[in-house]
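A.B. asks: pasted the sequence and its predicted model underneath.
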Amino acid sequence: MSRPRKAPDPTRHTPCARCHEAYSPAALWPEGVICTYCYMAAKRFHGTCIICRHDGIVPGITPQGRTCRTCSGITLNVDCTECGAEEELHSKGRCWRCVLKDQIRQTLTGPTGQIPDKLAPLAAALGDMARPNSGLTWIRQPHVDRLLRSIAAGTIDLSHDAFDALPPSQTVEYIRALLIEHDALPTRDRYLAEFTAWSTRKLTLLKDPAHKSVTERFIRWHQLRRLREQIKTDGAVSSGLFLSAKQSTTVTVNFLNWLTDNEATLEDVNQAYVDRWLAHGPSTNALIETFLYWAIGRRLVPPLELPKRSLANRKSFGHDQRVDAIRRVLLSDEMLLNLRIAGGLVLLFGQPLNRIASMKLDHVQLDGDVTRLQIVDEWLDLPAPFDALMRSWLTTRFNLQTAAHTQSPWLFPGLMPGQHLIPAYISTALAREGIPGQLGRTAAWRDMVKDAPPSILAGLLGMTLETAVRHAELAGANFARCAALRQ
């Protein structure tokens, strides 16, 4: 993020010939005094001169367009002494990219005097990133420099076990992801690995050793099995399933410790214990159902009655609120484009945020003037003007300026290398814009089932028929009464 501008000072500075603000002057060009901010912007502006068609830095401004240094009469040193390119210079006559590549060589050179073969693709990607100034700032941070030098020197092995042994930090995980993205480390599912390590630590919090064995079995045969099954079907663990597994495991540990505090064991659990647990404490206590259903199935506890969460108790947008939110998504240029796309998928198609976040470019198809989106197994034509927003987003996706994403397949590339945006980020950002993800999705469904049979909508938009029928009943739609739907 760039630093905020200082306030202009007319008592000390002459107004700039370009922005007309009284900032500190940097140069005197044919058009007049140029302030520091306009001077820096001119040094970075690439384009084609409208007079001589020179392609490079075009600092001059005319009513007809931009002009090069020769045609504008502007004296400006932007010729790199090392590579010869016209670029903003960093130091000693060299451009930012040349300085960055030199720093990469210093940091990643191993004991042989060369960059190790496994690190060569990473070095190339860092050197070619779209914003070399960002890359230089990042790689020169002491903690980043130390870790990369240790990897290049071989004091830290290129293995997941070696990275797992390091003190946990965002830098360690970011560099691990970079190495995976550029084939220096084998691919592994981030959420599966994180849950495995996290659950091992969680087991140490159990107060009664007798509860450890059953919790280990629950984690191994239920939680981890669900995560691995999703990898087989979807290729990766979703953040939603990962967070759900963590939450239900945490509640399980809390429940078993609560039994210990009440001088009880799992064998003592009956309906009275469950009712007491649910009646006292936060609403998240209800997540114990995951563990208890598993325990009932293995006859570790007797059959129990667990309250079902009802859609009727959920809050929702009203119709007018949804329409206002759709209008903001389609028309407000103040909202970031990625949030407008995500918000539209929630409000127009009732899509969950975890599905939106994990969409790939392959899920969008451009056919002439028609833009199609694949939801589950169906291709739907996007309505105007939402289709124009999607087309614009495909050419301006964020987070592609660094080495984190060389050829990202994600519709919403994330901050971590090779990964998509996490649903929690989208949820928080949409909420700030007045579009709560879950409530917006519920409102979309309850509006849509008034106009189309839930059996059709469920297949098109990826919801179970049972849930679609319940939404239809709550919305007062007659379709829910059809015999075919009941069947």
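C.D. replies: Cool, got the structure. Numbering: from 1, shown residues only.
A.B. asks: do I have it right that Leu389 meets Ser332?
C.D. replies: No: in this structure, Leu389 is not within contact of Ser332 by Cβ atoms under 8 Å, at 11.0 Å. (Glycine included, C-beta is placed from N, CA and C.)
A.B. asks: what residues do those two have in common as contacts?
C.D. replies: Arg340 (Cβ atoms under 8 Å, 6 or more residues apart in numbering).
A.B. asks: so the two - more neighbours on which side?
C.D. replies: Between Leu389 and Ser332, Leu389 has the larger neighbour count (other Cβ atoms under 10 Å), namely 18 against 12.
A.B. asks: and the pLDDT for that one?
C.D. replies: pLDDT, the model's per-residue confidence, is 95 for Leu389.
A.B. asks: residues in contact with it?
C.D. replies: Applying Cβ under 8 Å, 6+ apart to Leu389 gives the contacts 330, 337, 340-341, 344.
A.B. asks: tally of neighbours for Val449?
C.D. replies: Applying other Cβ under 10 Å, we find 26 residues neighbouring Val449.
A.B. asks: do you know how far it is from Ile456?
C.D. replies: To Ile456, Val449 is 10 Å away according to Cβ to Cβ, to the nearest Å.
A.B. asks: what of Leu304?
C.D. replies: Separation of Leu304 from Ile456 (Cβ to Cβ) stands at 37 Å.
A.B. asks: return the set of buried residues in stretch 152-162.
C.D. replies: Along stretch 152-162, these residues count as buried under the neighbour rule (16 or more other Cβ atoms under 10 Å): 152, 156, 158.
A.B. asks: please tell me how far it is from the chain's geometric centre.
C.D. replies: Stretch 152-162 sits 27 Å away from the centroid of its parent chain (Cα atoms, centre = their mean, to the nearest Å).
A.B. asks: who's in contact with that stretch?
C.D. replies: By Cβ under 8 Å, 6+ apart, the residues outside stretch 152-162 that reach it are 107-111, 115-116, 118-119, 147, 150-151, 163, 166, 176, 179, 184-186, 188, 193.
A.B. asks: can we see that at 7 Å?
C.D. replies: If you take Cβ atoms under 7 Å, 6 or more residues apart in numbering as the criterion, stretch 152-162 is touched by 107-111, 116, 118-119, 150-151, 179, 184-185, 188.
A.B. asks: that one - what's its average pLDDT?
C.D. replies: 95.
A.B. asks: let the chain start at 56 from now.
C.D. replies: Okay, residue one is now 56; in that scheme the one you just asked about reads as stretch 207-217.
A.B. asks: now do the end-to-end distance for that stretch.
C.D. replies: 14 Å (Cα to Cα, to the nearest Å).
A.B. asks: hmm, back to that, which one of Leu359 and Ile511 has more residues nearby?
C.D. replies: Between Leu359 and Ile511, counted using other Cβ under 10 Å, Leu359 has the larger neighbour count: 16 against 13.
A.B. asks: surely the more buried one touches Tyr348?
C.D. replies: No: look at Leu359 against Tyr348 with Cβ atoms under 7 Å: they stay out of range, at 8.9 Å.
A.B. asks: please enumerate the helices of the stretch 306-455 of the chain.
C.D. replies: Here the stretch 306-455 of the chain has its helices, by DSSP state H, counting those that start in this stretch, at 326-334, 344-352, 374-386, 392-404, 408-412, 441-450.
A.B. asks: can you put these in JSON lines and add distance to Ala265?
C.D. replies: Output for these, formatted as JSON lines (distance: least, Cβ to Cβ, whole Å):
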{"stretch": "helix 326-334", "distance to Ala265": "16"}
{"stretch": "helix 344-352", "distance to Ala265": "14"}
{"stretch": "helix 374-386", "distance to Ala265": "51"}
{"stretch": "helix 392-404", "distance to Ala265": "46"}
{"stretch": "helix 408-412", "distance to Ala265": "36"}
{"stretch": "helix 441-450", "distance to Ala265": "54"}
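A.B. asks: now for these, which one comes closest to Thr305?
C.D. replies: Proximity to Thr305 (Cβ to Cβ) singles out helix 344-352 among those, at 10.6 Å.
A.B. asks: going along the chain, name the strands of the chain.
C.D. replies: All strands of the chain, identified by DSSP state E, fall at 80-84, 87-90, 101-103, 110-112, 115-117, 120-122, 144-146, 149-150, 419-422, 425-430, 433-436.
A.B. asks: centre of the chain to the third one, how far?
C.D. replies: Meaning strand 101-103. The chain centroid and the centroid of strand 101-103 are separated by 32 Å under Cα atoms, centre = their mean.
A.B. asks: what does it contact?
C.D. replies: With Cβ under 7 Å, 6+ apart as the test, strand 101-103 has contacts from 110-113, 121.
A.B. asks: for the last one, same thing?
C.D. replies: For strand 433-436, the surrounding residues in contact (Cβ under 7 Å, 6+ apart) are 420, 425, 427-428, 515.
A.B. asks: do the fourth one as well
C.D. replies: Residues outside strand 110-112 that contact it (Cβ under 7 Å, 6+ apart) are 98, 100-101, 103, 123-124, 133, 141.
A.B. asks: which of the residues you listed tops the neighbour count?
C.D. replies: Per-residue neighbour counts (other Cβ under 10 Å) across the contacts of strand 110-112 peak at Cys123, which has 23 neighbours.
A.B. asks: if we ignore the residues flanking it in sequence, what's nearest it?
C.D. replies: The shortest distance from Cys123 to any non-neighbouring residue, by Cβ to Cβ, 6 or more residues apart in numbering, is to Cys104 (3.9 Å).
A.B. asks: kindly state the pLDDT recorded for the one you found?
C.D. replies: Note on Cys104: pLDDT of 97.
A.B. asks: got it, and His526?
C.D. replies: His526 is assigned 64 on the pLDDT scale.
A.B. asks: which one of the contacts of strand 101-103 is nearest Leu470?
C.D. replies: Nearest to Leu470, judged by Cβ to Cβ, of the contacts of strand 101-103 is Ile112 at 30.6 Å.
A.B. asks: tell me, how many residues neighbour that closest one?
C.D. replies: Counted by other Cβ under 10 Å, the residues lying close to Ile112 total 24.
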